[in-house]
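S.K.: Return atomic coordinates for the entry below.
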Amino acid sequence: IDVYTSQSAMSGMYGYGNGAGSGDSGTLTQSSLGSGVVLTEDGYIITNYHVVEGGEAFQVTVDGNTYEADLVGSDPSSDIAVLKAKDASGLTPIELGDSDNLTIGEWVMSIGSHFGLEQSVATGIVSATNRSQIMDSSTDAYGQQGDTTVYTNMIQTDAAINPGNSGGALVNAEGKLIGINTLITSYSGNYSGVGFAIPVNYAVNLAQQIIDGAYIRAVDVSIGELKF
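M.R.: Residues are numbered from 1 along each chain as shown. Model prediction:
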């Protein structure tokens with residue numbers, strides 16, 4: 001997924017997109033890139049909200065073919081977004097697994113555009129399930145400022161997740177989608193052996209609501225200094 005803006009921008013508030021380039025105001029320039037997963041033959045693609053955040057134009061590359069894409073909708077609180085590849089047909093949707101039936105230690109593979117290297121894969125295991133992760137964007141590797149964000153019910157894996165990998169697939173040994181790669185815990189901003197993915201059962205259910213035009217509203221609940 002290539003994201004274009006008219007401002008110099010770095011997508012991925014939490015440092016898991018991949019910034020690339022800058023431009024003058026009014027001129028669309030590639031500002032970031034990420035990964036996505038094909039859900040339907042006619043081109044609906046699920047990705048992370050932080051991959052497309054602030055984007056004004058989008059291109060997606062599937063099986064070597066590049067399509068202009070529209071942002072169908074997103075839910076920032078869940079870090080989920082859906083793109084639609086224009087005039088796409090005959091694409092191969094990924095087969096869905098069941099994230100409610102994961103076993104600690106089972107083999108998994110992360111797929112995406114690590115550092116812009118398309119169709120890259122990395123292997124690992126499911127390290128834990130139902131993880132909650134607190135991310136303070138004011139201390140990320142890119143110096144971004146913002147509210148503390150709480151991610152809940154995440155799949156933890158040691159399969160490599162790097163910049164450009166966000167929104168890509170985490171699959172099981174049968175190649176079935178079990179999660180959407182989303183974030184890492186790292187002092188450097190790169191892979192450190194602790195990555196997190198949104199469980200597929202939750203992510204795809206939310207994506208389908210977006211595709212169907214259901215109203216998605218982020219709930220802002222404050223507890224002390226945390227907002228989620």
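S.K.: what's the longest helix in the chain?
M.R.: helix 200-211 (DSSP state H).
S.K.: Read off the pLDDT value for the spatially most central residue of the chain.
M.R.: Residue closest to the average C-alpha location in the chain (Cα atoms, centre = their mean): residue 167, at 2.3 Å. At residue 167, the model reports a pLDDT of 93.
S.K.: for residue 223, same thing?
M.R.: So, for residue 223, pLDDT stands at 33.
S.K.: Residue 116 too?
M.R.: pLDDT, read off for residue 116, is 69.
S.K.: ditto for residue 94
M.R.: Per the predicted model, pLDDT is 96 at residue 94.
S.K.: List phi and psi for it.
M.R.: phi -70, psi 150 (degrees, to the nearest 10).
S.K.: Please look at it and residue 170 and confirm they touch.
M.R.: No. Counting by Cβ atoms under 8 Å, residue 94 sits too far from residue 170 to count as a contact (10.9 Å). For glycine as for every other residue, the C-beta is placed from the backbone atoms N, C-alpha and C.
S.K.: what residues do the two have in common as contacts?
M.R.: Common contacts of residue 94 and residue 170 (Cβ atoms under 8 Å, 6 or more residues apart in numbering): residue 177.
S.K.: Please identify which of those two sits among more neighbours.
M.R.: Using other Cβ atoms under 10 Å, the more surrounded residue of residue 94 and residue 170 is residue 170, with 31 against 17.
S.K.: So in terms of bridging, what pairs with that one?
M.R.: residue 110, residue 179 (DSSP bridges).
S.K.: and the biggest strand by length in the chain, how far out from the chain's middle?
M.R.: Ranked by residue count, the top strand of the chain under DSSP state E comes out as strand 117-136. Chain-centre distance of strand 117-136: 11 Å, with Cα atoms, centre = their mean, to the nearest Å.
S.K.: Just checking: what are the partner strands of it?
M.R.: strand 107-114 (antiparallel), strand 148-157 (antiparallel).
S.K.: I'd like those strands as a markdown table, with distance to residue 89 appended.
M.R.: Below are the strands paired with strand 117-136 laid out as a markdown table (distance: least, Cβ to Cβ, whole Å):
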| stretch | distance to residue 89 |
| --- | --- |
| strand 107-114 | 23 |
| strand 148-157 | 32 |
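S.K.: As JSON lines, these with distance to residue 34 and mean neighbour count would be great.
M.R.: As requested, the strands paired with strand 117-136 are arranged in JSON lines below (distance: least, Cβ to Cβ, whole Å; neighbours: other Cβ atoms under 10 Å):
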{"stretch": "strand 107-114", "distance to residue 34": "7", "mean neighbour count": "22"}
{"stretch": "strand 148-157", "distance to residue 34": "17", "mean neighbour count": "19"}
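S.K.: Those strands: which one's closest to residue 177?
M.R.: strand 107-114 (9.4 Å; Cβ to Cβ).
S.K.: who touches the closest one?
M.R.: Looking at what lies outside strand 107-114 - Cβ under 8 Å, 6+ apart - the contacts are 1, 18, 33-35, 119-126, 157, 159-173, 178, 181, 195, 197.
S.K.: hmm, try it at 6 Å
M.R.: 35, 120-124, 126, 157, 159, 161-162, 164-165, 168-173, 181 (Cβ atoms under 6 Å, 6 or more residues apart in numbering).
S.K.: Select only the buried ones of those residues in PyMOL?
M.R.: In PyMOL, a selection of the buried entries from the contacts of strand 107-114 looks like this (16 or more other Cβ atoms under 10 Å):
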select buried, resi 35+120+122+124+126+157+159+161+162+164+165+168+169+170+171+172+181
